[in-house]
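whatever this is, show me its structure:
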Amino acid sequence: MSDRPARIAQLKAEIAERQAELVRLSLEYAAELAGLSGDERERFVSRGLTMQSQSDTLDPMDATETANARMSRARISKTARKHPFVQAFMERGETVAQAAEKLGYPRTSVQSWYRVDDNARPIPRAAAQKALRLYGVPLTAWQKLGE
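Residues are numbered from 1 along each chain as shown. Sure thing, here's the model as predicted:
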């Protein structure tokens, strides 16, 4: 019988050890370049890129996710922000896209429902009732209510 499976397992364990060592050395080098003091350096290397403080700059962050959320909030006009539905999902820290997903409609459709001008599209009654359940937005808040 072949020793191959045991040898493969042994090699995989060695690779994992070397990868961990490479990560540790990389973190030590990054800490040195950043000019971290002894305690900061040790904490940085032992925890990797995560730190306990929420205000530090070493926390990993999915920049694409936050950029989309910020962009979506930024595109809401000042007049649209007055709509009860917009106020409700913004108070929960949600974006239009997240609220649309909860309602089960595309973001563009949802945005067209709370427009302030005459171009507002009618919100389907089922969506308005779901907005009432999820966000407490009364049916009378919608400019046009469909069937």
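
quick check: domain ranges of the chain?
Domain ranges of the chain: 4-47, 63-141, per automatic domain parsing.

highest mean neighbour count out of those domains?
domain 63-141 (a mean of 15; mean count of other Cβ atoms under 10 Å). All C-beta atoms are positioned from the backbone trio N, CA, C, and that covers glycine.

where is the longest helix in the chain?
In the chain, ranked by residue count with DSSP state H as the criterion, the top helix is helix 4-34.

check the offset of stretch 30-44 from the chain's centre.
Chain-centre distance of stretch 30-44: 29 Å, with Cα atoms, centre = their mean, to the nearest Å.

rebuild the domains of the chain as CSV, extending it with distance to E147.
Output for the domains of the chain, formatted as CSV (distance: least, Cβ to Cβ, whole Å):
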stretch, distance to E147
domain 4-47, 56
domain 63-141, 6
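
any chance of these in CSV, with mean pLDDT too?
As requested, the domains of the chain are arranged in CSV below (pLDDT from 0 to 100):
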stretch, mean pLDDT
domain 4-47, 84
domain 63-141, 82
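
what's the spacing between Y135 and A126?
Applying Cβ to Cβ, to the nearest Å, the value for Y135 to A126 is 15 Å.

G93 too?
According to Cβ to Cβ, G93 and A126 sit 25 Å apart.

ok, now I8?
Counting by Cβ to Cβ, the gap from I8 to A126 is 56 Å.

please, where are all the helices along the chain?
Counting by DSSP H, the chain has these helices, from start to end: 4-34, 38-47, 63-74, 84-91, 96-103, 107-113, 125-135.

the ones you listed: which one's closest to Q143?
Among the helices of the chain, helix 107-113 comes nearest to Q143, with 8.0 Å by Cβ to Cβ.

tell me what the closest one is packed against?
helix 96-103 (3 or more Cβ pairs under 8 Å, 6 or more residues apart in numbering; DSSP states H and E).
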